[in-house]
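A.B. asks: Just to be clear, the model below is a prediction. Sequence and coordinates:
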Amino acid sequence: MWFEYHASNAHYRKEEYRMALKQISWIEKHFDNMMEDCLEFNNYSLRKGSVNHMMEVVGLLRGVYNSKYASKCLINTVKGVLKVQKYTEEQ
């Protein structure tokens, strides 16, 4: 995830906004995969009866989008979309 974040920043600095947004979309896919894995573990722990572990995962789910990469990714996404929109309006 850190690689995609820094790659998107590099593309943004070079004014390659579409590539920056593509890298950011990979970060979103990482978050989606983490959520799917947590939900699969949740279902597994319900079947096996280990409620304590399930509650730990629920606590992790609450904080997934509070990481520094999630907030920075959101800021870069908004910046990139605005730049692409401005560029397409000028064309």
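C.D. replies: Yep, that arrived. Note that this is a predicted model, so its numbers are computed, not measured.

A.B. asks: make it CA atoms for all contacts and neighbour counts henceforth
C.D. replies: OK.

A.B. asks: tell me which residues in the helix or strand L61 falls within are buried?
C.D. replies: Using DSSP states H and E, the element containing L61 is helix 51-63. For helix 51-63, the neighbour count (16 or more other Cα atoms under 10 Å) marks 54, 57 as buried.

A.B. asks: which helices and strands does that helix pack with?
C.D. replies: With contacts taken as 3 or more Cα pairs under 8 Å, 6 or more residues apart in numbering; DSSP states H and E, helix 51-63 sits against helix 17-48.

A.B. asks: Tell me which other helices or strands the helix it packs on touches.
C.D. replies: Using 3+ Cα pairs under 8 Å, 6+ apart as the contact criterion, the elements in contact with helix 17-48 are helix 2-13, helix 51-63, helix 68-90.

A.B. asks: how about JSON lines for these, with mean pLDDT and distance to E36 added?
C.D. replies: Shown next, in JSON lines, are the helices and strands packed on helix 17-48 (pLDDT from 0 to 100; distance: least, Cα to Cα, whole Å):
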{"stretch": "helix 2-13", "mean pLDDT": "84", "distance to E36": "20"}
{"stretch": "helix 51-63", "mean pLDDT": "73", "distance to E36": "10"}
{"stretch": "helix 68-90", "mean pLDDT": "76", "distance to E36": "17"}
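
A.B. asks: Single out the most deeply packed of these.
C.D. replies: Highest mean neighbour count among those (mean count of other Cα atoms under 10 Å): helix 2-13, with a mean of 17.

A.B. asks: export that helix as PDB, just CAs?
C.D. replies: In PDB, the C-alpha atoms belonging to helix 2-13 read as follows (Å, rounded to 0.1, in the frame of the first residue of the first chain):
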ATOM      1  CA  TRP A   2       2.900   2.400   0.800                       C
ATOM      2  CA  PHE A   3       4.300   1.800  -2.700                       C
ATOM      3  CA  GLU A   4       1.100   2.700  -4.500                       C
ATOM      4  CA  TYR A   5       0.800   5.800  -2.300                       C
ATOM      5  CA  HIS A   6       4.300   7.000  -3.100                       C
ATOM      6  CA  ALA A   7       3.900   6.100  -6.800                       C
ATOM      7  CA  SER A   8       0.700   8.100  -7.000                       C
ATOM      8  CA  ASN A   9       2.500  11.100  -5.400                       C
ATOM      9  CA  ALA A  10       5.200  10.800  -8.000                       C
ATOM     10  CA  HIS A  11       2.700  10.700 -10.800                       C
ATOM     11  CA  TYR A  12       0.900  13.600  -9.300                       C
ATOM     12  CA  ARG A  13       4.100  15.700  -9.200                       C
END
